[in-house]
Each structure stands twice: as structure tokens, then as C-alpha cells.
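# attaching a predicted model along with its sequence, questions to come.
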There are 2 protein chains.
Amino acid sequence: MPSLLTMHKDVTIYDLARELNLSPATISRGLKKSNAHNNDTVARILRKAEEMGYRHNNFASSLRNRRTQTIGVIVHRMNSYFMATVVAGIEDVARKEGYHIIITQSLEKKELEKTNAQTLFDKRVDGLLISLAFDTTDLAHLEPFFDKHIPVISFDRPLPSDKSACVVIDNYQAAHNAVTHLIEQGCKRIMHIGGNLLRDVYAERLRGYRQSLEDHNIAYAEHLVRLCELNEQDGIDAANYILSLNVRERPDAVFCANDVSAAYCMSRLKERGIKIPEEIAFVGFNNDALSRLIEPKLTTIDNPGYAIGEAAATGLFNVLKGDETALKTNKLVLKSPLLIRASSKRLKK
Amino acid sequence: MPSLLTMHKDVTIYDLARELNLSPATISRGLKKSNAHNNDTVARILRKAEEMGYRHNNFASSLRNRRTQTIGVIVHRMNSYFMATVVAGIEDVARKEGYHIIITQSLEKKELEKTNAQTLFDKRVDGLLISLAFDTTDLAHLEPFFDKHIPVISFDRPLPSDKSACVVIDNYQAAHNAVTHLIEQGCKRIMHIGGNLLRDVYAERLRGYRQSLEDHNIAYAEHLVRLCELNEQDGIDAANYILSLNVRERPDAVFCANDVSAAYCMSRLKERGIKIPEEIAFVGFNNDALSRLIEPKLTTIDNPGYAIGEAAATGLFNVLKGDETALKTNKLVLKSPLLIRASSKRLKK
DNA sequence: TTGTATGCGTTATCAC
DNA sequence: GTGATAACGCATACAA
């Protein structure tokens, strides 16, 4: 008696060959509509395949080809609108190329990122798209990919290496725009809530912040920069920190490296009676769904997730198709406009 | 000259066999630490494998075994906190079992769900976990799984079929609790914003709503029930609808089948000067991150995503291990408490 | 345009 | 406890 686990025998190209009095080779070629073939034969093959419920066996094929038609994706976390759109962009391109994707999350942990990389390597993905975890320093876990010439392209958070291309936005410019906007609204003591400087994204945002201050002759103040993981609790902690400062030291604006922490920070400050944007103006980053939901609506920088995913995947396929220049062009930079909303509007009275 | 695509030759068990003067069969057995073996030999094999950079070839293995050690997951959408936690639960269980998961999204579209099912079937997943799209009616696309005895377990939105088990919460009871709570706060005209009744979840929530009204002798009013897709725009539309009603018909509370639409509905009403919860109280569903972020904080029903994912995956593995009772126990129901927050607190003055 | 023959890397079966 | 061998299903080099 067959148990639930016993797979019924699959239909193979041999079965089709037998039924059609053709050779397995012809079937194989016919099924992938390869050029050199009699149209009529192809039609017969396809019809029979349909009729007998044939399905292509990827393993046998991959074993033979040493190609999996699969690309691996490592994201730091999959729970933001930004990342969901990045993945959507990747999926669309991959689907068009006949590829599948395997998504894994590092949950911002170096160790998990390492495990995921190993898993994907062992699954023989044809390429890798990665956005690094917060605390990843060395790239030893990616060496196997480099060694085997499996293309790796990073996005959002680029690899500190010239071995691979990356798709990013101009974080420096975006941050500079955001801070300049706040200054134009009349803000003088602008706080920055940023991320781990190991990640280029956050280093660049900090650099843009500092440069804008300098451009407007505003002194950089150590106590107005907080680096953290940018999660809910960090937003709340930042608010508490602000509340703990005496009024002369308190910021009159906050530029935050993501919307989530900006939202929680704002929320906490409002609870304690601080008026936004009158007392403290806010600019976030990412254009998360929640930026339009909170009150006042959050001014933020659009982070074009879909375009980033699309560009990264497209670059990867270009490399897979033999266009090595895609790896030489080290950086692809996409636009990320500032979206001005109520949280930062403070026209001088 | 090897191109980027040329994979260097992989180390195989034959290579190990040659180096160690053993047979490939011995290597194969040694690598999976199977019982009947000389410990010393196993140690030598493992050491050599490490040294030569051997990695197991899943294709060859799957081709031979007809097992992929992979389970497929179809979710309707991956962008909610709820779904992110469901997937986290599934991943954890799968990892412990040595399985990988492939996640696909139907984006609430029947057609895409169908494509995904086919893809996963062709990828020969050993099992399937699925949460149906809004508009899925027939289950023809799942027949191949049933035919081949590939176990399918649904979660959140159960299959309208007794061919497979499902993991859900008691949506009827949860909705009943929510509405009863609103009634206890003194609300008399409670509106319900619900989802497509094809999905059991939403039908049950509506049923709980109606029953609670009946239990408290409140007449059911057709014009106070709106069924939609529960997205951002639907929330806004519902708010506009409410605003269009004359004051005698206007609801004094809204019970919404998810937090997102509740949040957008609230936001729009507030914009138009409606006081929440004083004029209209709100209860949402899911305990999304945003429920704690908006103002007032949204009373909601906790939807235990992690536990659901964990239970669904565990059930699937039980079936894979031969415990068929897991499929017989048709429904596993998890707890989903009501979390009372400011948006529904309206103690009588 | 089609057929023949072989190998991809692993594992199960059967010997020894 | 270990070895020899066949088979999993497909795709390609080569022959026809």
C-alpha cells in the first residue's frame, strides 16, 4: 500500500517518446521549442505532453546543466513597505527571465546572513542579490560565490568591496536635501537619528546632514546625533532623550534615517505635549505607508523600492547573459525625491 | 578562457572516494552519518569533505530520492506585520526540520495564485502551505497536489474543502467580543467594514458581528455593513461614505476587519473633524504595528501570526512523517484576544 | 530534422 | 562494515 509519501511515477520524456514513436532527444528539444525542428512534430509533442500531464523535472535538468534558474535574495528584513516593493521588482524581472527567486531574511543578524548565504550557495543559485545586515563586517561568507564566479549584486546597503556592483540611491544628496529643507523652514538645531555607520547608507546620510549644516553655517553638535537600529523602541528612546534635554539644548527639528523610528519618536513627543511641527519638525526616510497615516503626515524621502529591485535583478541577468560590464559599472544610482508633508512645514510667522 | 558562467567543477563523492580509497557508496553513507558505520571512517570522510570543500548536490539527491526537502508557501500578500510573523513561524519550524521554504505571493489574485501553485508543483515541493486569495473559488489549481498526495495545509483563510487541514483563529468569537465591547462602551449604531465573504474569515467576522448585535437587541442595518478589499483606499472610501450619511444614520462605532482600513478610515474622519472615539469609536483587527502608532491608539484583535505559522508548518511535517491524523483533525483554532486601546474607550459620562 | 549514447551526482539494492 | 552497480530524468555531442 502506498503511503502518503510515495510519489506516483512521473511522466518523463521517455514516456512521451514511446507514445509518439520518437526519440527522447527529439522530445527534449521539442519541449523547449528549440529552433531546428519540424513545427508539426513540436505541436504533436506539446499536445501529448499536455495530455499525459508531463511536467519538466528541474532536478534532472539542473543536474545536467549545472544551472538552477534560481536566484537567491537576502534581505535584512521583509516587513517594510520598502522591502516588499524591492522584492516585487526583483520578482517581476525574474519571472520574465524564467527564473525563480528564493528569499531569505537575515533579521539584521550577521550570523543568520551567513547561514542564509551558505544555504543559497548549497542550493546552487545562479546569482545572489543581497542587502547586508546591520553588523556585517567581513564578507567571508560571500567568498564561495566570488570563487565560483556566481554574480553577486547588492542593493540598498552596498557591499564594502569592489567585487560586485550595487544599486543604491544617493543617500548623501537625499539627506542634504532633507536637512536643507528643514533649515529653510527656519529650524536651527536639527537632530539626526541615524543607523549603524558600518552601512554606507547611514554613513552617507550622516555625511549629507553634516554637510548641509556646514553649508548653512550651523555648528555640528555631538549631542544631536543618535545612532541606533532605527526600530520602534529606538524611536521612543530618542523621544525620551529629547524630553530629557533642557530647553536650550533641545532640537527644533529631527531628521530621521527611517520612517518607523520617526513615527514612534513623533508619537511619543506628541503624547508629552510637544507640538509637531511647531516645536519640533520632522523628516523621515523611505516613504513608508505609515508616513501618510500618522499625524501630522510625515515629510520623507521616497526610496524607490520597485525600481531598485528591478535594476538589481536586471543587472544580475545582464551578467548571467555574459555582459560583464554590468559588474564593472560599480554603482547604479537612482533618484529619491523629498516628499514634503505637514510634519516639516513651518513657514515663519 | 572560462566565462563567468562556467562553473568550476564541483567536488563529488567520487573525488572523496578516490582520495580516501573508499567507495562512493561508503562516502554517501558516511556523510549522512547513517548508523551502520565505523566511527573512524566517518570522521575521516567528514574531515576530507571539509578539506576539499565538498558540498552536497541537492539535485542529484532529489532526482534519486524524489524528495526536495522544500515546502511551498503561498500567501496573499507579504506586506503586513501579520504575514511577516506567520512566515517567521513557518521558517523556524522548517529550519529545524532541515527544510527550505519557497514563498510566493498571490497579491489577492486568483490567477497569480494559480500560477504560483503550478510553479511550486513543478518545483516538486514536498508540501504546501496556503492562504487563499480574495477571489479564489474553485480549487482546480490544487488538484495536482491532492492527486499526488502532496499534503496541503491552509492557514488564516481556510480552503473550502475537507481535503486538507487548516489553522485559524475563531473569527466568529473574536468579532463577537469586539462588537460586544463596543456595545458595552455605549455604542448603538455599529458599522462593520468587512472583507469578501468567499473567505471564511470574513464571513465569520460578519457572523460574529450580527450575532452580538442580536444578543443585545440591536437591529441589523444593511447600510452599516460595507464589504471591500480592506485596503487603504477602501478605508478612505468608507470614511467618505460615513460623512455622506445624515446624522441620524451615522454610525457611532466601526468594527473593521483589518487595521489598515480602520486606520485610514479614522484618519480621514479626523481630518473632517470627527472626534474619535467620542463621536465614532473604532475596533480593528490584526494588531498590526500601525495600530499602536496612530492616534488614538487602535483597539484591535491580536492575530497570532507566529503561532499560526508554527502550527501550520508543524502539522505539515507531521503529515510528511506519516501521521495522517494531522490531516483528519480538520481545524486547529488558536486564541486571539481583544486588545483594548483608546480608540474604543468611551466610558459613559 | 531526428536518433544514439553518455554523463550529471547521488542513493538504494544487493552482494561480499 | 564496505564495495559494485544501476537508476533517477534530462540535455547534448555526435552520427545519420
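Yes, it's here.
# report the buried residues of stretch A:115-129.
For stretch A:115-129, a neighbour-count test (16 or more other Cβ atoms under 10 Å in any protein chain shown) marks A:116-117, A:119-121, A:123-129 as buried. From N, CA and C alone the C-beta is placed, and that goes for glycine too.
# what does stretch A:241-259 give?
Buried, per 16+ other Cβ under 10 Å, within stretch A:241-259: A:242, A:250-259.
# quick one: the helices in the stretch 151-300 of chain A?
Secondary structure of the stretch 151-300 of chain A by DSSP state H, counting those that start in this stretch: the helices cover A:171-184, A:200-215, A:232-244, A:259-271.
# distance check, A:L20 against DNA strand D.
13 Å (Cβ to the nearest atom of the strand, to the nearest Å).
# list the contacts of that residue.
By Cβ atoms under 8 Å, 6 or more residues apart in numbering or on different chains, the contact list for A:L20 reads A:27, A:44-45, A:48.
# re the thing from before, looking at the helices of the stretch 151-300 of chain A, which is buried most?
Ranked by mean neighbour count, these are led by helix A:259-271 with a mean of 24 (mean count of other Cβ atoms under 10 Å in any protein chain shown).
# helices or strands up against that helix?
For helix A:259-271, the packing partners by 3 or more Cβ pairs under 8 Å, 6 or more residues apart in numbering or on different chains; DSSP states H and E come out as strand A:190-194, helix A:232-244, strand A:253-256, strand A:281-283.
# list of residues touching the shortest one?
Applying Cβ under 8 Å, 6+ apart, the contact partners of strand A:281-283 are A:178-179, A:181-182, A:185, A:187, A:252-256, A:262, A:265-266, A:276, A:298-301, A:338, A:343-346.
# let's see it at 7 Å
With Cβ atoms under 7 Å, 6 or more residues apart in numbering or on different chains as the contact definition, strand A:281-283 has outside contacts at A:178, A:181-182, A:185, A:187, A:252-256, A:262, A:266, A:276, A:298-300, A:343-344, A:346.
# out of the residues you listed, which touch DNA strand C?
Among the contacts of strand A:281-283, proximity to DNA strand C is found for none (Cβ under 7 Å from any atom of the strand).
# just checking, A:E51 is part of a strand?
No: counting by DSSP: H, G, I helix; E, B strand; the rest coil, A:E51 falls outside a strand, being helix.
# next, count neighbours for it.
11 (other Cβ atoms under 10 Å in any protein chain shown).
# now the helix or strand encompassing A:R95: buried residues?
Secondary structure here is read from DSSP states H and E; on that basis A:R95 sits in helix A:81-96. By 16+ other Cβ under 10 Å, the buried positions in helix A:81-96 come out as A:81-91, A:93-94.
# from those residues, pick the one nearest DNA strand D.
Closest approach between those and DNA strand D, by Cβ to the nearest atom of the strand: A:A94, at 18.5 Å.
# list the contacts of that closest one.
For A:A94, the contacting residues are A:71, A:100-101, A:313, by Cβ under 7 Å, 6+ apart.
# of these, list those near DNA strand C.
Of those, not one also sits near DNA strand C (Cβ under 7 Å from any atom of the strand).
# which of the residues you listed tops the neighbour count?
A:A313 (30 neighbours).
# quick check: chain neighbours aside, which residue is closest to that residue?
Spatial nearest neighbour of A:A313, chain neighbours left out: A:V93 (3.7 Å); criterion: Cβ to Cβ, 6 or more residues apart in numbering or on different chains.
# and the helices of the stretch 151-300 of chain A: which comes nearest B:A165?
With distances scored as Cβ to Cβ, the stretch of those nearest to B:A165 is helix A:232-244 (34.7 Å).
# quick one: the closest one to chain centroid distance?
On the basis of Cα atoms, centre = their mean, to the nearest Å, helix A:232-244 sits 27 Å off its chain's mean C-alpha point.
# and the closest residue to A:E295 other than its chain neighbours, how far from DNA strand D?
Of all residues not flanking A:E295 in the chain, B:E295 sits nearest, at 6.1 Å (Cβ to Cβ, 6+ apart). Between B:E295 and DNA strand D the distance is 57 Å, computed by Cβ to the nearest atom of the strand.
# quick check: B:E295 vs B:S343, distance?
As judged by Cβ to Cβ, to the nearest Å, B:E295 and B:S343 stand 9 Å apart.
# what of A:I13?
Counting by Cβ to Cβ, the gap from A:I13 to B:S343 is 61 Å.
# surely A:I301 is within a strand?
Yes: membership of A:I301 in a strand is supported by three-state DSSP.
# so what's the residue count around it?
Neighbour count of A:I301, defined by other Cβ under 10 Å: 27.
# what is the neighbour count of the closest residue to A:V225 other than its chain neighbours?
In this structure, A:V225 finds its nearest non-sequential neighbour in A:H192, 4.9 Å apart by Cβ to Cβ, 6+ apart. When neighbours are counted by other Cβ under 10 Å, A:H192 registers 26.
# for A:H192, give me the pLDDT.
A:H192 carries a pLDDT value of 98.
# show me the beta-bridge partners of it.
Counting by DSSP bridges, A:H192 is bridged to A:V225, A:F255.
# can you pull the pLDDT of the closest residue to DNA strand D within the stretch 201-349 of chain A?
Closest to DNA strand D within the stretch 201-349 of chain A is A:L320: 14.7 Å, counting by Cβ to the nearest atom of the strand. Looking at A:L320, its pLDDT is 89.
# gap between it and A:E214?
Applying Cβ to Cβ to A:L320 and A:E214 gives a distance of 44 Å.
# name the nearest residue to A:D234, ignoring sequence neighbours.
By the measure of Cβ to Cβ, 6+ apart, the closest residue to A:D234 outside its immediate chain neighbours is A:C228, 4.0 Å from it.
# quick one: pLDDT of the one you found?
Reported pLDDT at A:C228 in the predicted model: 96.
# count the neighbours of it for me.
Counted with other Cβ under 10 Å, the neighbours of A:C228 add up to 16.
# quick check: it touching A:Y241?
No: using Cβ atoms under 7 Å, A:C228 is not in contact with A:Y241; the gap is 10.2 Å.
# what's the separation between A:L339 and B:Q233?
Going from A:L339 to B:Q233 by Cβ to Cβ gives 19 Å.
# kindly report the residues of the stretch 51-200 of chain A close to DNA strand D.
Proximity of the stretch 51-200 of chain A to DNA strand D (Cβ under 7 Å from any atom of the strand) is limited to residues A:54, A:56-57, A:60-61, A:63-65.
# tell me the pLDDT of A:M1.
In this model, A:M1 carries a pLDDT of 30.
# I meant to write A:M78 there.
Looking at A:M78, the pLDDT reads 82.
# helix or strand for it, which one?
A:M78 is part of no helix or strand, with elements assigned from DSSP H and E.
# show me the contacts for the closest residue to it other than its chain neighbours.
Once flanking residues are discounted, A:M78 sits nearest to A:Q105: 5.3 Å by Cβ to Cβ, 6+ apart. Shown in contact with A:Q105 (Cβ under 7 Å, 6+ apart): A:75, A:77-78.
# recalculate using a threshold of 8 Å.
A:74-78, A:112, A:116, B:91.
# who wins for neighbours among these?
When neighbours are counted by other Cβ under 10 Å, A:V75 leads the contacts of A:Q105 with 29 neighbours.
# from A:Y99, how far off is that residue?
Look at A:V75 and A:Y99: by Cβ to Cβ, they are 17 Å apart.
# can you check A:P24 too?
26 Å.
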